[in-house]
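1. A predicted structure for the sequence below; I have some questions about it.
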Amino acid sequence: MKGIIFTEFITIVESKFGLDVSQQMLDDANDSGIYTAVGSYDHRQLIKLIISLSRITNIPTSQLQQTYGRLAFPALLNSLPILDIKTDNTFSFIEKVEQHIHLEVKKLYPDATPPKFIFSNKTQSTMTMDYHSARCMGYVCMGLLEGCADYFNQSLTITMQPMNTAQSHVRFSLTLTGD
């Protein structure tokens, strides 16, 4: 997993919960907290950090992941090798992530393994998206989808349906509820 995911997570924890909670989380997870944005790290370390933060704050891990995804969207967007998005909306951008951005990320970072999105049942206001990832971070994906809708100033209702017990395959039903 790319280091920007870790650096952004720690930055968000520091800004939302303070330096003391951030340090407590790192200590509890036996983590040095030393990450570079372009480095590659084991995703299980991020899971340990999320579990540690959950224990400290009594906030469910699913909620922490979703909030992280939503808050991290702008920083991740700025780090991506993206095409012009001025004419995009939430749905067209999400499709662009799979069709262009994930491909470019793989070119830049051959060791990267981004999730796979498969789209179906798309209309002007609805979309079904299947998320496939061995990292099983569907709640982070849900938060990123929310952050994307926020960025494009659109209201989005999302239902999330795990398709297997590991949650390596999650189906998202997206509905734009207003513009």
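-> The structure has been received and is ready for your questions. Numbers count the residues shown, from 1 in each chain.
2. extract the C-alpha set from the helix ranked longest in the chain and format it as PDB.
-> Ranked by number of residues, the top helix in the chain under DSSP state H is helix 61-79. The C-alpha coordinates for helix 61-79 follow below in PDB (Å, rounded to 0.1, in the frame of the first residue of the first chain):
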ATOM      1  CA  THR A  61     -13.400   0.700  13.100                       C
ATOM      2  CA  SER A  62     -15.900   0.800  10.300                       C
ATOM      3  CA  GLN A  63     -16.800   4.400  11.200                       C
ATOM      4  CA  LEU A  64     -13.100   5.400  11.500                       C
ATOM      5  CA  GLN A  65     -12.300   3.900   8.100                       C
ATOM      6  CA  GLN A  66     -15.300   5.600   6.500                       C
ATOM      7  CA  THR A  67     -14.400   9.000   8.000                       C
ATOM      8  CA  TYR A  68     -10.800   8.600   7.000                       C
ATOM      9  CA  GLY A  69     -11.800   7.900   3.400                       C
ATOM     10  CA  ARG A  70     -14.000  10.900   3.200                       C
ATOM     11  CA  LEU A  71     -11.400  13.300   4.800                       C
ATOM     12  CA  ALA A  72      -8.500  11.800   2.800                       C
ATOM     13  CA  PHE A  73     -10.200  12.200  -0.600                       C
ATOM     14  CA  PRO A  74      -8.900  15.800  -1.400                       C
ATOM     15  CA  ALA A  75      -5.300  14.900  -0.500                       C
ATOM     16  CA  LEU A  76      -5.400  11.700  -2.500                       C
ATOM     17  CA  LEU A  77      -7.000  13.500  -5.400                       C
ATOM     18  CA  ASN A  78      -4.100  16.000  -5.400                       C
ATOM     19  CA  SER A  79      -1.600  13.200  -5.500                       C
END
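3. buried set for the lowest-mean-pLDDT helix or strand in the chain?
-> Lowest mean confidence among the helices and strands of the chain (mean pLDDT, DSSP states H and E): helix 102-108, at a mean of 73. Neighbour counts over helix 102-108 (16 or more other Cβ atoms under 10 Å) mark 102, 105 as buried. Using the backbone N, CA and C atoms, a C-beta is placed for each residue, glycine as well.
4. nothing else from me, thank you.
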